[in-house]
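1. Sequence and predicted structure, then a few things I'm wondering about:
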Amino acid sequence: MSLRVYLESVGCKLNQCERDALARQFTEAGYDVVRCAEDADLCVVNTCAVTHVAARKSRQRVRALGRANPGARLVATGCYAGIGEEGLSADLVVPNDRKEALVSLVEARLDLWELDRGPAGPRADAGEGAISRTRPMVKIQDGCDNACTYCIVHVLRGKQRSQPRAEILAQVREWVRQGYHEVVLTGVHVGSYGRDSGDGLFDLVCAILADSPPERLRLSSIEPWDLTPEFYALWEDPRLCRHLHLPLQSGCDAVLSRMNRHYSAAEFARLVTQARDAIPGLAVTTDLIAGFPGETEEEHGASAAFVEGLAFARAHVFAYSERPGTPAADMPDPVDPPVRQRRARELREIARRSGEAFRRGFVGQTLAVLWEARGPDGRWSGLTDHYVRVYADSDEDLANALRLTRLTALEPGGLSGIVVRTSG
């Protein structure tokens with residue numbers, strides 16, 4: 001009987017993508033990838049350290065899996081594994097720079113074949129390596145050279161490194177062959193793709209769209225300074241999702257300077273205007289940090305007003321979290337944690353209102369929705385290419401179905417819809 005492995009990821013899309021890659025590697029090595037930790041001989045957690053909350057969750061998940069299956073070997077890898085080994089109750093800790101060799105390290109250092117194994121539980125599809133989402137991701141690069149003062153990721157992930165274009169194209173083709181309708185390009189700093197190889201993100205996207213027939217291609221987060229006027233021409237191909245995630249972090253120039261971000265608020269606003277003018281219906285989403293060291297009430301107010309003026313379709317808002325080893329952690333005038341949380345709530349409320357206004361504009365339209373899963377309430381949940389969440393009642397099995405859907409009403413965080421027919 002094959003050894004059984006359970007894999008779990010904490011944090012960003014790149015971590016999820018790397019978890020899926022590990023699943024394929026374990027499958028190719030003869031392991032069964034299972035969906036339940038209690039059925040596994042080996043549990044692997046791909047950890048995160050971007051905030052103290054993510055680090056705490058990583059520690060908690062490792063401990064929880066150890067309690068759920070005390071007979072299994074436990075492996076921790078990922079970003080937190082590079083800085084918090086002493087806080088991880090694992091049999092083996094594998095930092096990011098050795099993650100690609102994780103399967104061989106497991107086999108060399110852990111006595112898996114001595115385990116007392118019970119009956120096998122439900123297996124994931126071996127060919128898909130426990131891919132549970134309807135929008136598989138392709139890692140196009142790793143690492144970052146930006147050195148934003150609040151961020152530990154460039155320390156843990158290292159310098160920018162691009163994946164070979166041929167490997168990226170092959171992975172996209174494989175996801176399309178397996179029947180996926182949408183593929184997401186991800187990385188730490190997606191816009192820097194190709195700087196170490198003479199290539200570029202523009203050329204890569206053109207090559208993917210010319211080489212393979214994904215019905216949707218989505219870009220994950222892109223830094224504002226990576227956008228150029230020629231970049232918008234990519235959206236002449238309707239398969240490229242009308243969604244740009246541009247991390248703002250703050251709408252105040254003084255705070256942006258302390259963060260070591262490479263733009264002013266006015267420059268960011270010009271980029272957003274250019275993008276919206278070039279791509280009709282574009283959803284612009286963002287990341288925001290509240291309560292950065294030294295942020296005054298006046299600076300927070302300026303940032304909040306700027307965010308309100310740009311009317312983002314969605315925003316991920318984080319209360320600032322000190323990460324040891326970053327310049328920001330040693331900056332003077334830290335903001336009291338309760339004040340950080342209050343400012344974060346204020347930014348979230350602004351984002352909630354602008355997101356609702358953006359979604360309201362789609363009511364009455366009929367758009368293609370990629371349906372993902374049925375929720376606890378029995379309703380199906382899916383996404384438009386604008387990354388708008390849609391809910392609908394249907395007796396059909398809509399998992400991984402791309403269907404035209406009439407959008408009928410606003411809902412908290414999304415829209416209601418009625419499935420019409422097959423898209424295309």
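-> Right, received. Where do you want to start?

2. Okay, strands next: where are they in the stretch 201-350 of the chain?
-> 216-219, 243-245, 283-290, 314-319 (DSSP state E, counting those that start in this stretch).

3. Pairing partners for the shortest one, with directions?
-> Strand pairing for strand 243-245, determined by DSSP bridges: strand 283-290 (parallel).

4. The partner strand: which residues count as buried?
-> Ala283, Val284, Thr285, Thr286, Leu288, Ile289, Ala290 (16 or more other CB atoms under 10 Å). C-beta: built from backbone N, CA, C; applies to glycine.

5. Just the C-alphas of stretch 176-185, formatted as CSV.
-> What follows is stretch 176-185, C-alpha atoms only, in CSV (Å, rounded to 0.1, in the frame of the first residue of the first chain):
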residue,chain,number,x,y,z
VAL,A,176,-6.3,23.3,-20.0
ARG,A,177,-6.0,19.7,-20.9
GLN,A,178,-7.4,18.7,-17.5
GLY,A,179,-10.5,20.8,-18.2
TYR,A,180,-9.9,24.0,-16.2
HIS,A,181,-11.5,27.1,-17.7
GLU,A,182,-9.4,29.7,-15.8
VAL,A,183,-5.6,29.8,-15.1
VAL,A,184,-4.1,32.3,-12.6
LEU,A,185,-0.5,33.5,-13.0
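
6. check contacts around Ser58.
-> Val10, Gly11, Val45, Thr47, Cys48, Ala49, Ala76, Gly78, Tyr80, Gly84, Leu88 (CB atoms under 8 Å, 6 or more residues apart in numbering).

7. Farthest-apart pair in the residues you listed, please.
-> Among the contacts of Ser58, the pair separated by the greatest distance (CB to CB) is Gly11 and Leu88, at 14.7 Å.

8. With respect to Arg345, which of the buried residues of strand 283-290 is nearest?
-> Ala290 (8.4 Å).

9. Could you give the bridge partners of that closest one?
-> So, taking DSSP bridges as the rule, Ala290 has Ala319 as bridge partners.

10. So it versus Ala319, what's the distance?
-> 5 Å (CB to CB, to the nearest Å).

11. How about Gly11?
-> From Gly11 over to Ala319 (counting by CB to CB), the distance is 17 Å.

12. Ok, Trp371 next?
-> Taken as CB to CB, the span from Trp371 to Ala319 is 34 Å.

13. cool, and Trp175?
-> For Trp175, the distance to Ala319 - CB to CB - is 36 Å.

14. Which neighbours do Ala290 and Ala319 have in common?
-> Joint contacts of Ala290 and Ala319 (CB under 8 Å, 6+ apart) are Arg340, Gln341, Arg343, Ala344.

15. Just the buried residues of these.
-> By 16+ other CB under 10 Å, the shared contacts of Ala290 and Ala319 give Arg340, Arg343, Ala344 as buried.

16. I figured Val34 was touching Ala40, is that so?
-> Yes: taking CB atoms under 8 Å as the definition, Val34 is a contact partner of Ala40 at 5.4 Å.

17. you'd agree Val369 is up against Val390?
-> Yes: with contact defined as CB under 8 Å, Val369 reaches Val390; the gap is 4.9 Å.

18. More neighbours: which of the two?
-> Neighbour count, other CB atoms under 10 Å: between Val369 and Val390, Val369 has more, with 30 against 27.

19. Run me through the strand neighbours of the helix or strand the more buried one falls within, direction for each.
-> With elements taken from DSSP states H and E, the one containing Val369 is strand 366-374. Using DSSP bridges, strand 366-374 pairs in its sheet with strand 380-383 (antiparallel), strand 402-411 (antiparallel).

20. Can you tell me which of these is most buried?
-> strand 380-383 (a mean of 22; mean count of other CB atoms under 10 Å).

21. Grab the CA positions of that one and hand them over as PDB.
-> Presented in PDB, the C-alpha positions along strand 380-383 are these (Å, rounded to 0.1, in the frame of the first residue of the first chain):
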ATOM      1  CA  TRP A 380     -23.600  27.800  -5.700                       C
ATOM      2  CA  SER A 381     -20.800  30.300  -5.600                       C
ATOM      3  CA  GLY A 382     -18.700  31.500  -8.500                       C
ATOM      4  CA  LEU A 383     -16.800  34.400 -10.000                       C
END
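
22. helix or strand right after it?
-> Heading C-terminal from strand 380-383 (DSSP H and E), you reach strand 389-392.
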